[in-house]
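# Okay, structure incoming, though there's no sequence with it:
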RNA sequence: CGAGUUGUUCAUACGGUCGCGGGCCGCCGAGAGGCGGCGUGAGGAAAGUCCGAGCAUCACAGGGCAAGGAUGCCUGCUAACGGCAGGAGGAGGCGACUUCAAGGAAAGUGAACAGAAAUACACCGCGGCAGUUUUGCCGUAAGGGUGGAAUGGCGAGGUAAGAGCUCACCGUCGCCCCGGUAACGGGGCGAGCCAAUUAAACCCCAUCCGAUGCAAGAUUGGGAUAAGGGCUGCGUUAAAUCGCGGGGCUGCCCGUCCGCUUUUAUCCGUUAAUAUCGCUUUAGCUUGCCGGCGACGGCAAGCAUAGAUAGAUGACCGUACACGACAGAACUCGGCUUACAGAUCAAUCUCGGGUC
RNA sequence: GGCCUUGUGGUCAAGCGGUUAAGACGGAGCCCUCUCAAGGCUCAAUCCCGGGUUCGAUUCCCGGCAAGGUCA
């Protein structure tokens, strides 16, 4: 299933002001209903240096790509991974699914 | 065979499925774009942002002096450099070789505490004279003590005791000769030590440097009219016309340049930034030959090799083995520095042992 | 991405190359008090880390690390 990237700074600002949050053990999702499915990954410098941050973003994007058809409704969504020692695709997939369950 | 030294190259590989950025081609579409195909897509450090350039802007981007900053053995290389190469000197290693922020202390200033004293003023001591219970004056840097550093070191002579006071050797300084482009090296003669150390303390000398950085900046982002404000003030004039002043060129002098910016209202116009360009073809890379000890230069042939803009290289599976380190382009080059699992090849390289 | 700044007890901080590293707030212990407060005394620092210069470095030089600011 196709999804769009959430790019504009103003949209992200809006999302953080008005959006609701869904938590799981590997990441936090901030979401807000919209007409299309839009996604952004937010990784801060706390996660490590550039190589590490890129890897986290790729894993989260891939996990979202594999699971996004099970999203309950069209929305703008920002994903904030939590800081940890190890990151894996399977953990992000599980966390995303549990987030989708909690989104109402 | 073992132990080293210096340098070179590489930085998991291959296959399958799904997915991403850019390009080209074809088809569809009014267009935005969509679909399909082909090919392409991170590093030796892309990092730190420590130097040097290109490029761009700053109204012009000039000279002198001052201030500030940087560099500091010599000769080369280079677009340039604080880089590199070769050499000189100090230090280390048996050696191959490594390493060093390395101009000037005879222009001046400063250097805690301790110590008698820090470039010089005698505490103890040693000795002479006076006195003789204590001590006073003079000479003395050999010894003690203080200190990071104490009148160049050591031996001999010498002396009342001592002292470059004298002599040999070493060190230092000056002059001459020879070798070298030079730093410097070698030799000779002289000086009897005057001039300790410290300049990553101030400082002096030589050379170099305008500032800001692609978030620079350019293009479009409107045009016309009217009114007002700000910088740029005063006098004068029909007039920014002229004079003085003012502003910019880091401070001063000379010289030179200077009309710009903004607000409001009305009419016409509007996708207007998250746009487009800058943005990847170059001091480019590879190979061969020639010159040079080398850094590098010359010639010839061939090649085109990321260009994103919330920011593209990944995930999963399989196979192989050395079980994969440090790490992700953001305008571009030349260096430096720092991080790093390993593998690899080279040197008529070095040392030790064995055999012929 | 570019350009800067700062690292000193728990916190805020001063510091001419030679200090027992000044203070203030807070903390701990003791004294004082019938008890508490106030007051007094005492204690606690790898001067961010690693090299270098120097007789001697928190301070000077070089290289790292961390934190913060700023530019559309």
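On my side now, so go ahead. Everything numeric here is computed off the predicted structure, so don't read it as measured data.

# wait, residue A:20 sits on residue A:32?
Yes: between residue A:20 and residue A:32 there is a contact at 7.2 Å, judged by Cβ atoms under 8 Å. C-beta: built from backbone N, CA, C; applies to glycine.

# ok, the two, which is more surrounded?
residue A:32 (17 against 14; other Cβ atoms under 10 Å).

# Need phi/psi at the nearest residue in space to the more buried one that is not next to it in sequence.
Nearest residue to residue A:32, sequence neighbours excluded (Cβ to Cβ, 6 or more residues apart in numbering): residue A:19, at 4.1 Å. Here is the backbone geometry of residue A:19 (degrees, to the nearest 10): phi -70, psi 160.

# Could you double-check that residue A:19 sits in contact with residue A:34?
No: with contact defined as Cβ under 8 Å, residue A:19 and residue A:34 do not form a contacting pair (10.3 Å).

# Identify the contacts common to the two.
Taking Cβ atoms under 8 Å, 6 or more residues apart in numbering as the criterion, residue A:19 and residue A:34 both touch residue A:76.

# number of nearby residues for the residue nearest to residue A:81 when sequence neighbours are not counted?
Sequence neighbours aside, residue A:27 is the residue nearest to residue A:81 in space, at 4.6 Å (criterion: Cβ to Cβ, 6+ apart). With neighbours defined by other Cβ under 10 Å, the count for residue A:27 comes to 22.
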